[in-house]
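> 3D model of this:
(chains A, B, C and D)
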There are 4 protein chains.
Amino acid sequence: MLTIAIVGAAGYGGGELIRLLARHPDVTIGAAVSSTYAGRPVWEGFPGMAGRVDLTYEPTAAPDRLAECDFVFLARDNGAAMRQAPDLVAAGCRVIDLSADFRFRDTAVYDAWYKGPHASPDLSAAAAYGLPELHREAIRTAAVVGNPGCYTTASILALAPLFAEGPAAPGVGGLVDSRTIVVDAKSGISGGGRAKYCQEFHFAEANESATAYKIAGTHRHTPEIEQEISRLAGAPLAITFTPHLVPMTRGILATCYAQLTSDVGRDDLLARYRSFYAGEPFVWVTDGLPSTKHTALSNMCHIGLGVDSRTGRVTVVSALDNLGKGQASQAIQNMNVMAGLPETKGLETCSMWP
Amino acid sequence: MLTIAIVGAAGYGGGELIRLLARHPDVTIGAAVSSTYAGRPVWEGFPGMAGRVDLTYEPTAAPDRLAECDFVFLARDNGAAMRQAPDLVAAGCRVIDLSADFRFRDTAVYDAWYKGPHASPDLSAAAAYGLPELHREAIRTAAVVGNPGCYTTASILALAPLFAEGPAAPGVGGLVDSRTIVVDAKSGISGGGRAKYCQEFHFAEANESATAYKIAGTHRHTPEIEQEISRLAGAPLAITFTPHLVPMTRGILATCYAQLTSDVGRDDLLARYRSFYAGEPFVWVTDGLPSTKHTALSNMCHIGLGVDSRTGRVTVVSALDNLGKGQASQAIQNMNVMAGLPETKGLETCSMWP
Amino acid sequence: MLTIAIVGAAGYGGGELIRLLARHPDVTIGAAVSSTYAGRPVWEGFPGMAGRVDLTYEPTAAPDRLAECDFVFLARDNGAAMRQAPDLVAAGCRVIDLSADFRFRDTAVYDAWYKGPHASPDLSAAAAYGLPELHREAIRTAAVVGNPGCYTTASILALAPLFAEGPAAPGVGGLVDSRTIVVDAKSGISGGGRAKYCQEFHFAEANESATAYKIAGTHRHTPEIEQEISRLAGAPLAITFTPHLVPMTRGILATCYAQLTSDVGRDDLLARYRSFYAGEPFVWVTDGLPSTKHTALSNMCHIGLGVDSRTGRVTVVSALDNLGKGQASQAIQNMNVMAGLPETKGLETCSMWP
Amino acid sequence: MLTIAIVGAAGYGGGELIRLLARHPDVTIGAAVSSTYAGRPVWEGFPGMAGRVDLTYEPTAAPDRLAECDFVFLARDNGAAMRQAPDLVAAGCRVIDLSADFRFRDTAVYDAWYKGPHASPDLSAAAAYGLPELHREAIRTAAVVGNPGCYTTASILALAPLFAEGPAAPGVGGLVDSRTIVVDAKSGISGGGRAKYCQEFHFAEANESATAYKIAGTHRHTPEIEQEISRLAGAPLAITFTPHLVPMTRGILATCYAQLTSDVGRDDLLARYRSFYAGEPFVWVTDGLPSTKHTALSNMCHIGLGVDSRTGRVTVVSALDNLGKGQASQAIQNMNVMAGLPETKGLETCSMWP
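Sure thing, here's the model as predicted:
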């Protein structure tokens, strides 16, 4: 039985961790930490837990309690984990961080996009990128795992198989011209987090609206996608990434475009995708097209694609739950890998419908 | 290990049964029956089950397969179960019916509201009403359980404690004047079912709209509520029930009104409600006010209340998921009771948030 | 041509006033006042006005500009208008106030519900209650009109015809027993206003949720409804009023219940309602049942009803747009009445669909 | 005063035409034709018109009534207008067709995408493409105007200024490489029409879901966009177009990508866009980013953009109301142009908020 702690346990990611880990057969929740709700039952933060989860929030400062835990999930703002993780690691905990702090192997990238300098560059360099489909072995033994961003997981899983056979030539990797990648992603509003109340998130303003934001290479999930696809492509690449908000609570749909470098057809591509993800319990390559609703509340990522022979371009569409495979349930998948448990433990549920 | 079958397994109720029972530790799904999807994998009916549930729909006519099952869940249109259940019972199956066919002890009531005559009046008379909080002992041994309607569960659980101490006088039962009961219920659109595509359910027409329908004693869930509350009140009573559609997928909120017959205060009433539901794992009496979102995807019913001393009236508000405690997960709770399993088996999950 | 000003012109009510008055053929918008947006074009507050409305917000302190206006619409927080109105009236402006400040003829009621004392009790006593269907003559000549609350308009218009023939006996007025009135109202989220960002209004928390709040006689619109219905009933009465939030942006649906005192049928009642509202351009009595969507963006109130002969109770359902007939367009209807214009001027548009 | 008729007046486009034309100061609605609702008042088709629009639907067969009209709006299924228009034109009517029948100058394109052959190739060749910003002069004198598709208007208006200075070289036109154009469009559900009830449009299935459909060059709006942009580019081009459904009733957001051929910056591009659309009453080029909500219920198209210097790619985002500038109000704009009226007549309203 693993003892775990969740820090930042009153936000959306923290709440989803509690909801799932409370039923994980190999886990005991040792501590749920929230400065806002310290001393109060978790159902005051999440009324839906009333009668079903019997936990009380602890104040932020309870380092001894955390030190006793096998795993600590950090679900805090960017910049907090890189200060808290070193002590936890020193105390023997393994850390799964849901912020951006441990996602970059090159801390210069972190510093550039997140107004560094990074407080724990060595720990960051040694951390594993928490996408098991690409980094399972590194995750298995890592002290710290940087859990990917929500947009990022959808985008990388959609693009990775295009580079399965490695780089073709410098700047041109895999089946597509790596200079032509565009990712157009649509997110539900929960992606903005619980604590931030800005006018855009007011129901009356967000409802009945679709909008783009941080366009043209300005969103912080861009370098994460580039880090991972560049690695697969064998050469640095830059993508155009556009995040959008659409009026739903959960879900990310990423529509990815790239120019094909050879005359590969749809069936061939689907077969390559299926081969790339063979045996992966949480990736489903569909003959049809994915919808975010098909993945809601699950740890699944659905992927579909089409080839436009008129333009020689491939369109790959991926869908996932931004709080599921895009955050909390992926963090649990990482914990399962780190602990040597079956990877699907506690994550067997299929998506809700309707 | 129980073997179960679901008939009508491609609708919303049937899908929710599959989703939950696929993870129930004491259950094997022996058959998922759908005439529409016969021969196809369940994930064609519910794409969110892809990669997570490995089942193939069977055609309607597979009586032998059903006969081998310990429990058969019937999730079909009104009028079908009363024809199918007798053979199943004769074959030794126990039946949990999600339609209206086995909800009425007095088949004359069924005949009047559902254009009878009832095809199995004897089986209907012997069936148990599947609300464990009120009929646990009868359910335990019943061959057939009539699972309550979605509006009904919310309404009965909200009103029942007012009659805990039995009738005060003929026509005036419990703490309230039983002639003054009004139930104003708001439902998500999934309550209308999956197969019926009418213009009112078109997203563009249902979105941004709240509407009442079948008002003034014309909705078929009315006699169910009356059957159960009359029993508690010790005398026949009639209520005014108004169903509404509001633009959400799941959830029922029932706001119930009645004139108090004595000078009881809010704290006293809350204590009586807590006493009435003491030990019930799926009813939560809150100091605050319930929201449907607090119960989404769980088997919980939340209840809150207030006393208006200016008018001498009590307002009781209950919330549940119409496909959860209002239908599928309640059916599983009934199965647990019938099978002698812990009542919460397979139903431990708290509600989703957000 | 009337010159008008709007104070508090960056909120939902103020914005709707601009949108409608910018096209009103007899109106010039002399000033749009907002302390938040002072000096900036109105399209920074409302991007949908870009290219269509050419106005710049003025700072709060521009009393001379207001004094030149024929009408001043005050769309500010409760408590502000009663301080600002006296100077405006002294300067010869006529005032239409969208807050609660001038809705009560008895300032003791205001003081009790809004933590008084009222700053302008005399002006308040002389103000007209801005529901033209009931107070057209008083509105015509009033210096100050207190525009009704959103819940209030829907509730009063639904109940008023029941008392058309005056009180039957003390405490029992009109066609119903006035002690038995229950109003169960469902509102879109915009009713909470634009400036208040509380967690309940976050899209991710409000979406997919129906909830009750301020139940059992604690919501401030209660005394407004009681003031008007008591007047019609000829005796003080108290009602039970329950506000709810449902996940839509605009709209109020009020479902009203009362015990009938005589054996009146549905057709008879419909005829009485049609007679009561004969000639009213903005009230539609329907044979069917109203939906909020049928009234969206219009100044219409739709009313339908049913009689439950089993319980002797009438159910009346009314629908309107909380920012339309429930607020801004009703304020313009009041202006038309006050100015002697045709009452429908600038308000001819039917509701949007879908 | 113009007399107009609307054929197909019970669908979403037809309803929006009635709503707007009923208030157009220079228009009388001579006939509203619907086979479904023939003989019934328009408010049975659109309850929101009750009390505000006094019209009765006429049966399909009323050619004389149509012949008397100055303008006939055809809002019927694809394939109907090309059969009905010749007689109307012969009778002296001018026709504005909302279907695809008259959008293509090359009927071979129509035949290929819409399973021709076209029934009126000559009339089609002579028709004007109803996008006033690009074809104002041709529209002015056309007998038949083919009103653009909803996706199409958003896409063309977003892309056109990139080709303002004409082709640079064959296959490479304007400021961008015309081989690199990707349009990723998000639509509200009303775009699917009112009459088609498929499971995808059921509220419970569409809500909380974002999905792509007809990807990789298979959607019929693709050749429309290509026709218009090819004309501007001076050479045939092919684009990749992806339509999506997101859970809202109205609105289209088109996010367009292309590789820049020169080192142009964001400010320069914004200036070019503003110059291109100078004087256009219904196009707003914003420094910010558009949201569909900013255009709801108006005839506006909002456009914003960014340049990603890392990838040398431009991202242009446009927003409009699919039933407004994307359909019905654009048809009225066309009528105004054809009739020599001020182009904004009857279309002055800004968008609703919220």
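
> show me chain A divided up by domain.
Here the domain parsing of chain A from automatic domain parsing is A:2-147+A:327-339, A:151-320.

> in the stretch 51-200 of chain A, where is pLDDT below threshold?
A:61-63, A:166-173, A:197 (pLDDT under 70).

> if we can go back for a sec, quick one: which of the domains of chain A is nearest B:Y37?
domain A:151-320 (15.1 Å; Cβ to Cβ). All C-beta spots, glycine's among them, are computed from the backbone N, C-alpha and C.

> and that closest one, how far from the chain's centre?
Put simply, domain A:151-320 sits 12 Å off its chain's centre (Cα atoms, centre = their mean, to the nearest Å).

> first vs last residue of it, how far apart are they?
Start-to-end span of domain A:151-320 (Cα to Cα, to the nearest Å) is 9 Å.

> regarding A:V53, what is its secondary structure?
A:V53 falls in the coil class when you classify it by DSSP: H, G, I helix; E, B strand; the rest coil.

> that one: neighbour count?
22 (other Cβ atoms under 10 Å in any protein chain shown).

> pull the contacting residues for it.
A:18-19, A:22, A:42-43, A:46, B:350 (Cβ atoms under 8 Å, 6 or more residues apart in numbering or on different chains).

> ok, now with 7 Å
Neighbouring residues of A:V53 by Cβ atoms under 7 Å, 6 or more residues apart in numbering or on different chains: A:18, A:22, A:42-43, B:350.

> OK, now which residue of the stretch 201-350 of chain A is nearest to chain B?
Closest to chain B within the stretch 201-350 of chain A is A:C350: 3.7 Å, counting by Cβ to the nearest Cβ.

> cool, and the stretch 1-150 of chain A?
A:G48 (3.1 Å).

> pLDDT score for that residue?
Looking at A:G48, its pLDDT is 96.

> three-state assignment of it?
Per three-state DSSP, the local secondary structure of A:G48 is helix.

> what's the residue sitting furthest away from the middle of chain A sitting at in phi/psi?
Distance to the chain centre peaks in chain A at A:R310, reaching 34.0 Å (criterion: Cα atoms, centre = their mean). Torsion angles at A:R310 (phi, psi; degrees, to the nearest 10) stand at phi -70, psi -30.

> next: the one 3 residues further on.
For A:R313, the backbone dihedrals are phi -120, psi 140 (criterion: degrees, to the nearest 10).

> which residue is the nearest non-sequential neighbour of it?
Ranked by Cβ to Cβ, 6 or more residues apart in numbering or on different chains and with sequence neighbours excluded, the top spatial neighbour of A:R313 is D:T240, at 4.8 Å.

> check contacts around that neighbour.
Neighbours of D:T240 in contact, by Cβ under 7 Å, 6+ apart: A:257, A:308, A:311, A:313, A:315, D:182, D:217.

> now distance to C:A112 too, for those, in CSV please.
Shown next, in CSV, are those (distance: Cβ to Cβ, whole Å):
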residue, distance to C:A112
A:Y257, 64
A:D308, 69
A:T311, 70
A:R313, 69
A:T315, 64
D:V182, 63
D:G217, 68
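
> of these, the lowest pLDDT goes to which?
In terms of pLDDT, D:G217 ranks lowest among those, with 86.

> ok, it touching A:V307?
No - if you go by Cβ atoms under 7 Å, D:G217 and A:V307 don't touch, sitting 8.9 Å apart.

> list residues touching both of the two?
Overlap of the contact sets of D:G217 and A:V307 (by Cβ under 7 Å, 6+ apart) is empty.

> my read: A:Q333 touches A:G346, true?
No - assessed by Cβ under 7 Å, A:Q333 is found out of contact with A:G346, at 9.2 Å.

> the more surrounded of those two?
Set A:Q333 next to A:G346 and count neighbours by other Cβ under 10 Å: A:Q333 wins out with 29 against 21.

> ok, now which ones touch that one?
The neighbours of A:Q333, taking Cβ under 7 Å, 6+ apart as the test, are A:132, A:282, A:299, A:343, A:347.

> where exactly do the strands run in the stretch 101-250 of chain A?
Using DSSP state E, counting those that start in this stretch, the strands assigned to the stretch 101-250 of chain A run over residues A:128-129, A:144-146, A:167-169, A:172-173, A:182-187, A:211-212, A:240-245.

> returning to what we had before: pick out the most distant pair among the contacts of A:V53.
Across these (Cβ to Cβ), the longest gap, 11.7 Å, separates A:A22 and A:W43.
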